[in-house]
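Student: The following comprises the amino acid sequence and a computationally predicted model.
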Amino acid sequence: MRLLQFSTSHYCRKARLALGYKGLSYEVSNLTPGVHRFKLKPLVGLTTVPVLLPEHSDGPEAVGDSTDILKFLEQSYPEMPLTWGDRDRDRRAWLLEDWLDESIGTATRFMYYDFRAKEGKSVNPSWFAQTLVKVVRFQYEITPAGVKLARDRLNLALTELEQLWKDQPYLVGDRLSVADMAAAGLLSPLALIPHYRQNYPWLFERIEEIHQHCHEPLPPGLTS
Ligand SMILES: N[C@@H](CCC(=O)N[C@@H](CS)C(=O)NCC(=O)O)C(=O)O
């Protein structure tokens, strides 16, 4: 199996967490931003990473979108399940997964690139890195008004996640699920932002534990 990715993408991290949790062996190909779309569009009709190439005669040639990758892995590799096969828990886990993917993953991107352009410039002040930050801010229309909406959305989300993770280390049921994979991957960019590190220590403890379960190296900011 091969994962087409950007090494820094939090959506790709989410897919790697699921692959790692299931103990599947795979290779990664790091695509070059910009030209990536010429490779991806003919494969899956999308221009975003991650894309999984199962490289298996029985399966599809390519699976695009991190949620569909998790669904594909769940169906094709039922060992180390990330769902239950029970209607209520599965529905809740996939609902949280979708919310984290569509709403929260976008909000963390806004906060992360706003930080990298301002007080977080020192993370990588090189001309190349700062140009990339500018391009991403332009591409996703990361404006001050959008950043404010993202901040409010994250505040609400973190209040809810704290409640869910307070009594037990799983968002749904009694073990890790697609919801935890999505949360740990898509909130990981916040680890570099001091405000979140100071105010939500429980979040980063949880992100670390999930990465350890999934044998995935820790995200920037959490690496010792
Ligand atoms: N909902 C998609 C989002 C993936 C996504 O936004 N990927 C970004 C990198 S973090 C990307 O490939 N951007 C490049 C582009 O839009 O051309 C998923 O879950 O896979």
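Tutor: Ah, there it is.
Student: looking only at pLDDT, what's the mean for the longest helix belonging to the chain?
Tutor: Counting residues, the longest helix in the chain under DSSP state H turns out to be helix 144-166. Mean pLDDT, taken over the full extent of helix 144-166, equals 96.
Student: Flag every buried residue along it.
Tutor: Residues 146-147, 150, 153-154, 157-158, 161, 165 are the ones in helix 144-166 that count as buried (16 or more other C-beta atoms under 10 Å). For glycine as for every other residue, the C-beta is placed from the backbone atoms N, C-alpha and C.
Student: just stretch 55-74 next, same as before
Tutor: Neighbour counts using 16+ other C-beta under 10 Å place 62-74 of stretch 55-74 among the buried residues.
Student: from those, which single one is nearest the ligand?
Tutor: Distance from the ligand was checked for each of those by C-beta to the nearest ligand atom. The minimum falls on Ser66, at 3.4 Å.
Student: Quick check: which ranges of the protein have low pLDDT?
Tutor: Judged by pLDDT under 70, the chain has its weakly predicted residues at 224.
Student: Contact residues of it facing the ligand?
Tutor: The chain comes close to the ligand at residues 6, 9, 11, 37, 47-50, 65-67, 101, as judged by C-beta under 6 Å from any ligand atom.
Student: Now the buried members of these.
Tutor: If we count by 16+ other C-beta under 10 Å, the residues of the chain next to the ligand have these buried: 6, 9, 11, 48-50, 65-67, 101.
Student: follow-up on the earlier one: out of the residues of the chain next to the ligand, which sit inside helices?
Tutor: Judged by DSSP H, the subset of the residues of the chain next to the ligand located in helices is 11, 37, 66-67.
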